[in-house]
Structures are given as C-alpha cells and as structure tokens.
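Enquirer: Structure, please.
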Amino acid sequence: MTPIDDRMLELFVSKKYHWNSLSPEEQQSMAVEVMKSRLLIKKMNTFIYESINDKEIQREYRSLICDL
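Expert: So this is what the prediction gives:
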C-alpha cells in the first residue's frame with residue numbers, strides 16, 4: 001500500500017478533491033492510514049494514561065522536574 005502524499009491529502013481535506021476523484025487504490029490507502037493513525041493514537045493515549053496513574057512514575061517525574 002502506497003502512502004498518500006501530503007499534498008493530495010491537503011487538497012482532499014480542503015475539499016478541492018472529491019472522494020470520487022480518488023482511485024480505489026488511493027481511497028484504500030487513505031482508509032488504511034486513518035485506521036493505523038487511530039490505532040496508534042489509542043495506544044499512545046493508553047500508555048500515557050497508564051504512565052500517569054503509576055505512582056512510581058509520578059515520583060520519578062516529580063524528582064526529575066525538581067532537579068531542573
């Protein structure tokens with residue numbers, strides 16, 4: 001699957017391209033990128049949430065900040 005280049009994505013988001021103007025391969029590539037991005041964001045949010053709720057990590061973070 002070839003990633004959609006930034007220029008095409010910007011044109012699409014700015015409504016200069018219509019969904020139907022994209023080839024089926026480009027539509028699928030875009031959908032794959034959106035799906036991967038959503039998965040990555042979900043995993044990052046879970047990691048951040050778990051890290052923030054870990055008392056030991058909170059202590060280490062405070063210690064690090066106080067040492068600055």
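Enquirer: From E10, how far off is Q28?
Expert: 19 Å (C-beta to C-beta, to the nearest Å). Bear in mind the C-beta positions are built from the backbone N, C-alpha and C, glycine included.
Enquirer: where does this structure dip in pLDDT?
Expert: For the chain, the stretches with pLDDT under 70 are 68.
Enquirer: Please enumerate the helices of it.
Expert: Here the chain has its helices, by DSSP state H, at 6-13, 24-53, 55-66.
Enquirer: Pipe those into JSON lines and attach mean neighbour count per row.
Expert: Listed next are those as JSON lines, based on neighbours: other C-beta atoms under 10 Å:
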{"stretch": "helix 6-13", "mean neighbour count": "12"}
{"stretch": "helix 24-53", "mean neighbour count": "11"}
{"stretch": "helix 55-66", "mean neighbour count": "10"}
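Enquirer: separation between S14 and E60?
Expert: Taking C-beta to C-beta as the measure, S14 falls 44 Å from E60.
Enquirer: should've said K43
Expert: Distance, K43 to E60, using C-beta to C-beta: 22 Å.
Enquirer: for F47, same thing?
Expert: As judged by C-beta to C-beta, F47 and E60 stand 16 Å apart.
Enquirer: what do you get for Y17?
Expert: Going from Y17 to E60 by C-beta to C-beta gives 48 Å.
Enquirer: repeat for I48
Expert: From I48 over to E60 the distance is 15 Å, taken as C-beta to C-beta.
Enquirer: do the same with C66
Expert: Going from C66 to E60 by C-beta to C-beta gives 11 Å.
Enquirer: Also N45?
Expert: Distance from N45 to E60, by C-beta to C-beta: 21 Å.
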